[in-house]
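> with the sequence up front, the predicted model follows.
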Amino acid sequence: MTGVVFDIRELTVHDGPGIRTSVFLKGCPLRCQWCHNPEGMSPEPQLLRSAAGERLAGRVYTSEELAVILNRQAPLLRESGGVTFSGGEPLMQAQFVAEVIDRLDGLHIALDTSGFAPEKDFALVAGGCDFVLFDLKLMDADAHRRWTGVDNGPILRNLFVLDETKIPYVVRVPLVPSVTDTEENLRAIASAVSRLSAHPRVELVPYNRSAGGKYAACGLEWRPAFDESAPYNDNLMPFQELDVEASLA
Amino acid sequence: MTTLEAFTPLQELPARLTEMKRRIRAREHDRFRDTETIDVQSECDAQGLSWPRRAARLTRRMCEAQTAVIEPDERIVFTRTVRTVPAYYSPEEWASRTAGRTLHELGPISNICADWGMVLSQGLLARKEAALAARQRLDAETEAVEFLDCAAETIDAVLALAQRYAETARQMGRRDVAEILARVPAHPARTFHEALQSLRLCHAVLWLGGHYHCGLGRFDQYMWPYLKADLEAGRIDESEAEELLAEFFISLNKDSDLYPGIQQGDNGQSLMLGGVKRDGSDGVNPLTVMVLGVARAVALIDPKINLRVDRNISLDLLAVAAELTRIGLGFPQYANDEVVIPGLMAAGYELEDARDYTVAACWEFCIPGLGMEVVNIGAASMSAAVDKAVRAGLAASESFDAILKGVEADLRAQVNVLAEASRKLFLPPAPYYSVLMDGCLERGRDLSLGAKYNNFGIHGATSSNAADALAAVKTLVFDEKKVSPERLLRALETDFAEDEALRKELRENAPKVGNYDERADAFLVKLFDMFADACAAVGGNGRGGRYRPGSGSAMYYVWLARGHDGMREPAVGATADGRKAGEYFSSSLAPSPGVFVRGPFSVLQSFGRIDYRRVSNGGPLTMELSDSLFRGRDATRKVGTFVRAFVQSGCQQLQLNTLNVDTLRDAQIHPELHKNLVVRVWGWSGYFCELDKDYQDQIIGRHIYGSCSADATCQ
């Protein structure tokens, strides 16, 4: 089958162990107000227009084509890192990703996900991975809906599914000023993570102040309802108090 | 292997050295320099001296003319006070004596590396004894006797200079400095401090005699025994050693504004770290780590740091090296032992010598003490060869194979021209450099007459654009027939003025080197094969050596684009890869500027396809990393892992530069705010604001990997 990919980047260093090639799958069910990859939202290929000219974001690949591209790098990636599926939300194209994974030749595979997907899709893809980067943004259900547009119920359920699989994973928390970085939210995340049996590590990811840069090119308006320039809170205390290993990414 | 944990890399310079560095960057020592040049020629003419004697006299008078300068806070001394190296022949005499001969660049021997290990361990008095012994043995050979007398004269001159410094030190009450100079460079160094002082003086005197691009060789190999002995005897501790080393490094930046080069910074003060020893065992030692740390703390453009790597190198060491990469000096440059050593052997080097390789000045491989090689005798312009063949082929409606044959013929013609000229090479006598090399004194033969290895190196410049041009012609004109020969020819002749659509087509829809795309890479490989064939076919260089093809570009990536008086080759106009006239080529090995590239892994894989066993002169794959790649706690280990991937890819040499384009742009507007901003240019690093704008712009236009500004991966 085919899938839509908006970027394949080599030498990514923040997307799993070692040095990696990351595949960015197009389409995301979330609408996080701080999203820095707006071209990853729509599932369709789209033309980006900026001062630098026009660029098509999103290319259709068959699972075989994509696997060939990735397998060609296998001699370098096998020893130094692997491949990460990111997005957008890769689980929106779960079947496609699973097919690509099946075709990969002995590579370490990581999944970078919001966790928002039907459980069977999550299990299908995560089951083929060696490592998962699992985003946890807001524990409060209302706040989650307000800031990301979706319910966090499926996300939390998938987190517990992941916890049972024995696949190594890390929980990643974006630090958005006064939205996700509040004492209350960080405490709630620490508390949830402390109850997980795999004792995953937590990575706090500072807010990217150039997040808004690509909105205009996507024909979208950048209108964050939070103060971008405010300093983010990276207090690790809530995690340390509960013996959760946490660090700034 | 000695444990690397023995040392933790130096984090910060001590206050004394921070001040010394500031002073040197501000060139406060300029006040010690004489404004008038000395006259050596009159004396030489009056005495009717021979060429070798004039060369020796020059070194002697330059040593004598130096004022001894010892700053109160200095522990390693020597400051050059005579600005210019005078001529020892009148311009007319020089012209008539060199008529019909080819001089390399300025003339004097440059771009090689002395056997510093030998010099430090023997001391100059032992070298003089070697000269005297040979003189007795060869007393019937007038040339040998004269050479050995000249060598002895230069040794005496250096020793007298050292004595003058020692005397000044005594008068200033600096017994520490006086004692060291009473010992070295006359006698074998006994301590790390003595070895550094000996090296500083012996190395600086080379420049006084008109030599330049004087390499420092395998520094951690020949210096470690002194440091090890000091540490074992408890004479110094780690931090004292680091302080001495840092001072030595700072001292190498004192006189560099007086050194000749294409741009400030292009001075060849390069040193090599790591790699295997002559017996094949691992040469990495604690000094390897110390040098990386100290170079980072010093953060000046000299010395230029190189690191030899192979698949067994420790990731800990690579992470320390990446700390140096992180600060953007463009150090270290990496050389892959697994590729370089077999390449040198294929070029006729003995195994033990091949294992002992260093870089001469930028990236060209040479063997310390054994190589009287001219590693940069010239450059073959691959883009010119391709461009001529493409235009001629299109005009004559020839087949693609005929175009390739045209490329081959042109490369051969270029190599022939270089060979013909360089076979007439004349190297002026170099009695002092001979003292520092292996076997010159013993044989009674000046270094300029040859050493164990006497090869010439030719750069293969602008290879990516050339390969891309062939790939574009093959794909769009011959295979897909989307572009007619007439249309392409007309566009090339008019610099795409009327056919921007075609330029875009060539630029965006033709295969490009750097994407691990067989359709383009095959031409990259083919160009280097043709170039290697041409170098093999041209035969000997008249000095017992051959022509070594390389993959570096030196300054030709700018010169060939813009034209330059200093080269024989004409500038290359618009090319079939969609490059307009005047646009820069890529430096050494890198994808063509501005083309789409998948990323660093594909680049490694593309350039890993070149058969470096036949292309052994050196020339780095040049990659720019965004400084944002270095965010995160494991960043340096990850960059180290990337260096391992480089080893695995089969590439030969890697130059990693860390850049922030916004900073560079700001530095063009506000140079006064960025005086200490360093960038790697080609085989050397320089202060960005001191570069000509051509070189600045070319750097800003390079591919930068791992950038976050417009990219998808960063959160």
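Ah, there it is.
> so how far is A:Ala117 from the residue lying closest to A:Phe122 once chain neighbours are set aside?
Of all residues not flanking A:Phe122 in the chain, A:Asn158 sits nearest, at 4.5 Å (Cβ to Cβ, 6 or more residues apart in numbering or on different chains). To be clear about C-beta, it is placed using only N, CA and C from the backbone, and glycine gets the same treatment. Separation of A:Asn158 from A:Ala117 (Cβ to Cβ, to the nearest Å): 7 Å.
> what of B:Ala361?
Taking Cβ to Cβ, one finds B:Ala361 at 57 Å from A:Ala117.
> just the helices from chain A, written as ranges.
A:63-72, A:74-80, A:94-103, A:119-126, A:141-148, A:153-165, A:183-194, A:237-241 (DSSP state H).
> could you dump those into JSON lines and include mean neighbour count and mean pLDDT?
Converted to JSON lines, the helices of chain A look like this (neighbours: other Cβ atoms under 10 Å in any protein chain shown; pLDDT from 0 to 100):
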{"stretch": "helix A:63-72", "mean neighbour count": "18", "mean pLDDT": "97"}
{"stretch": "helix A:74-80", "mean neighbour count": "19", "mean pLDDT": "94"}
{"stretch": "helix A:94-103", "mean neighbour count": "20", "mean pLDDT": "98"}
{"stretch": "helix A:119-126", "mean neighbour count": "18", "mean pLDDT": "97"}
{"stretch": "helix A:141-148", "mean neighbour count": "17", "mean pLDDT": "97"}
{"stretch": "helix A:153-165", "mean neighbour count": "17", "mean pLDDT": "97"}
{"stretch": "helix A:183-194", "mean neighbour count": "18", "mean pLDDT": "97"}
{"stretch": "helix A:237-241", "mean neighbour count": "16", "mean pLDDT": "95"}
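> B:Ser626: which of those is closest?
Closest approach to B:Ser626 among these (Cβ to Cβ): helix A:74-80, 18.8 Å.
> what about the residue nearest to B:Asp73 when sequence neighbours are not counted, distance to B:Ile250?
What sits nearest to B:Asp73 in space, not counting adjacent residues and going by Cβ to Cβ, 6+ apart, is B:Arg16, at 5.3 Å. B:Arg16 sits 10 Å away from B:Ile250, going by Cβ to Cβ.
> so which of these two has more stuff around it?
B:Ile250 (23 against 14; other Cβ atoms under 10 Å in any protein chain shown).
> count of residues packed around the residue of chain A found nearest chain B?
Closest to chain B within chain A is A:Glu10: 2.7 Å, counting by Cβ to the nearest Cβ. A:Glu10 has 22 neighbouring residues, counting by other Cβ under 10 Å.
> likewise B:Leu120?
B:Leu120 has 22 nearby residues by other Cβ under 10 Å.
> same thing with the one 5 residues further on?
Taking other Cβ under 10 Å as the criterion, the count of residues near B:Leu125 is 14.
> try B:Val538
For B:Val538, the count of nearby residues is 19 (other Cβ under 10 Å).
> from what I can see it touches B:Val417, true?
No: counting by Cβ atoms under 8 Å, B:Val417 is not a contact partner of B:Val538; they are 10.0 Å apart.
> what is the subsequent helix or strand relative to the strand or helix carrying B:Ala469?
Per DSSP states H and E: B:Ala469 is located in helix B:463-472. Per DSSP H and E, helix B:463-472 leads on to helix B:485-493 as the next helix or strand towards the C-terminus.
> what's the nearest residue to B:Asn617 if we skip its chain neighbours?
B:Gly550 (2.8 Å).
> contacting residues for B:His213?
By Cβ atoms under 8 Å, 6 or more residues apart in numbering or on different chains, B:His213 lies in contact with B:Ser110, B:Asn111, B:Gly261, B:Asn267, B:Gly268, B:Ala360, B:Ala361.
> okay, now residue 215: neighbour count?
By default, I'm working from chain A. Neighbours of A:Tyr215 (other Cβ under 10 Å): 17.
> actually chain B
30.
> distance check, it against B:Pro303.
10 Å.
> and if you look at B:Val158?
21 Å.
> also B:Lys424?
34 Å.
> more neighbours: the two, which one.
B:Pro303 (22 against 12).
> which parts of the top strand by length along chain A are buried?
The strand that spans the most residues within chain A, counting by DSSP state E, is strand A:2-12. Residues A:Gly3, A:Val4, A:Val5, A:Phe6, A:Asp7, A:Ile8, A:Arg9, A:Glu10, A:Leu11, A:Thr12 are the ones in strand A:2-12 that count as buried (16 or more other Cβ atoms under 10 Å in any protein chain shown).
> rewinding a little: ok, for the residue of chain A closest to chain B, nearest residue in space, not its chain neighbours?
B:Gly599 (2.7 Å).
> show me which of B:Ala361 and A:Ala117 is the more surrounded one.
B:Ala361 (27 against 22).
> contact partners for whatever residue of chain B ends up closest to chain A?
Nearest to chain A in chain B, going by Cβ to the nearest Cβ, is B:Gly599, at a distance of 2.7 Å. For B:Gly599, the contact set (Cβ under 8 Å, 6+ apart) comprises A:Ile8, A:Arg9, A:Glu10, A:Leu11, A:Thr21, B:Tyr705.
> one more time with 10 Å, if that's ok
Applying Cβ atoms under 10 Å, 6 or more residues apart in numbering or on different chains to B:Gly599 gives the contacts A:7-12, A:21-22, A:73, B:514-516, B:703, B:705-706.
> for it, phi and psi?
phi 150, psi -180 (degrees, to the nearest 10).
> now B:Gln66
Dihedral angles (degrees, to the nearest 10) for B:Gln66: phi -70, psi 130.
> on that earlier part again, just the pLDDT for the residue of chain A closest to chain B.
On pLDDT, A:Glu10 comes in at 96.
> can you pull the residues of the stretch 551-700 of chain B lying near chain A?
B:597-605, B:608, B:623, B:625, B:628-635, B:637-646, B:648-650 (Cβ under 10 Å from any Cβ of the partner chain).
> partner residues bridging A:Val171?
On the basis of DSSP bridges, A:Val171 is bridged to A:Phe134, A:Val202.
> mind listing what it touches?
Here A:Val171 is in contact with A:115, A:132-136, A:159, A:162, A:189-190, A:192-193, A:196, A:198, A:200-204, A:244, A:246 (criterion: Cβ under 10 Å, 6+ apart).
> which of the residues you listed are buried, as a PyMOL select command?
Buried residues within the contacts of A:Val171, by 16+ other Cβ under 10 Å, are selected in PyMOL with:
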select buried, chain A and resi 115+132+133+134+135+136+159+162+189+190+192+193+196+200+201+202+203+204+244+246
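> pretty sure the residue nearest to B:Asn617 contacts B:Val375?
Yes: assessed by Cβ atoms under 10 Å, B:Gly550 is found in contact with B:Val375 at 7.7 Å.
> ok, those two, which is more surrounded?
Higher neighbour count among B:Gly550 and B:Val375: B:Gly550, with 31 against 27, using other Cβ under 10 Å.
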